[in-house]
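Engineer: the amino acid sequence is not available; the structure is as follows:
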C-alpha cells in the first residue's frame, strides 16, 4: 500500500530593515527563509528576497543549489529569469534589487520542488514575522489555485501529482512605513 506523501514548506521572513537614503532612492531588505520537509527528508533552508546592493542577475548574494541526491531526495530551488551562466539555474539563495520591486510594485520567484517520493498532499506552511518598515503581501501562483493570497501566517495544501512541482511566489510591495517625526500634539490629533 502506498501512503500519501506530505511535503511541508515553511517560509519564515527572517529580516526586514528600512535604511535611510538620500533623494527618492529606496533601500530596504526583505529576507524570507523557506524550508521543505517530506517524511524524514529535508531540503534545508533556502532564502529569497530583496536586498540593497543585489541585482536581478547573479550577484554576490546568490548561492547555487547543488543537484539532488541519486535516491531518497527532496530538492528545492529557485530559478532566475533569463539566466545564461555556467552553473545550473538552481539557487539556494536568490536576492533581487529593491529598486525593481519599488518600480513595478512586485517581484516573482520561481520555485521548483523535486522528489522521488510517491504523490500525495503537498502542504505549504508559510510563517512570516513582520517586523515593520515595509508593507507587503505574498501570493502563491500555481496549480491548482492559479493565484491565491498567502495569509500572514498561512498554510496551503496542494496535490503533489508527480516527481516535480513548480510554483511562483509573488512579493507585492505596498509602500514604506512613514518614519517621520511627529509632535505629541500631532499624535493626539489622530485620536480626536
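Structural biologist: In hand now; what should we look at? Given the structure is predicted, the values throughout are model-derived calculations rather than measurements.
Engineer: so what does the helix or strand where residue 172 lies touch, helix or strand wise?
Structural biologist: Remark: residue 172 resides in strand 164-176, with elements defined by DSSP states H and E. Other elements packing on strand 164-176 under the criterion 3 or more C-beta pairs under 8 Å, 6 or more residues apart in numbering; DSSP states H and E are strand 27-38, strand 41-50, helix 98-104, strand 106-115, strand 134-142. For the C-beta atoms, the positions are set from N, CA and C on the backbone; glycine is no exception.
Engineer: how about the ones you listed in JSON lines, adding mean pLDDT and distance to residue 60?
Structural biologist: Shown next, in JSON lines, are the helices and strands packed on strand 164-176 (pLDDT from 0 to 100; distance: least, C-beta to C-beta, whole Å):
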{"stretch": "strand 27-38", "mean pLDDT": "77", "distance to residue 60": "14"}
{"stretch": "strand 41-50", "mean pLDDT": "84", "distance to residue 60": "14"}
{"stretch": "helix 98-104", "mean pLDDT": "85", "distance to residue 60": "16"}
{"stretch": "strand 106-115", "mean pLDDT": "93", "distance to residue 60": "18"}
{"stretch": "strand 134-142", "mean pLDDT": "85", "distance to residue 60": "23"}
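Engineer: for the ones you listed, give me a markdown table that also has mean neighbour count and distance to residue 163.
Structural biologist: Putting those into a markdown table (neighbours: other C-beta atoms under 10 Å; distance: least, C-beta to C-beta, whole Å) gives the following:
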| stretch | mean neighbour count | distance to residue 163 |
| --- | --- | --- |
| strand 27-38 | 20 | 12 |
| strand 41-50 | 20 | 13 |
| helix 98-104 | 16 | 33 |
| strand 106-115 | 19 | 6 |
| strand 134-142 | 18 | 16 |
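Engineer: turn the ones you listed into TSV, including distance to residue 91.
Structural biologist: Converted to TSV, the helices and strands packed on strand 164-176 look like this (distance: least, C-beta to C-beta, whole Å):
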stretch	distance to residue 91
strand 27-38	11
strand 41-50	8
helix 98-104	17
strand 106-115	9
strand 134-142	18
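Engineer: residue 82: which of these is closest?
Structural biologist: Comparison of those against residue 82 by C-beta to C-beta identifies strand 106-115 as nearest, at 11.4 Å.
Engineer: name every strand pairing with the closest one and say which way it goes.
Structural biologist: strand 74-79 (antiparallel), strand 164-176 (antiparallel) (DSSP bridges).
Engineer: what's next to the last one, contact-wise?
Structural biologist: With contacts defined as C-beta atoms under 8 Å, 6 or more residues apart in numbering, strand 164-176 is touched by 11, 18, 26, 28, 30, 32, 48-50, 101-102, 105-114, 122, 133-143, 147, 150, 158.
Engineer: once you drop chain neighbours, what's closest to residue 85?
Structural biologist: residue 58 (6.0 Å; C-beta to C-beta, 6 or more residues apart in numbering).
Engineer: my guess is that neighbour contacts residue 80, does it?
Structural biologist: Yes. If you go by C-beta atoms under 8 Å, residue 58 and residue 80 touch, sitting 7.2 Å apart.
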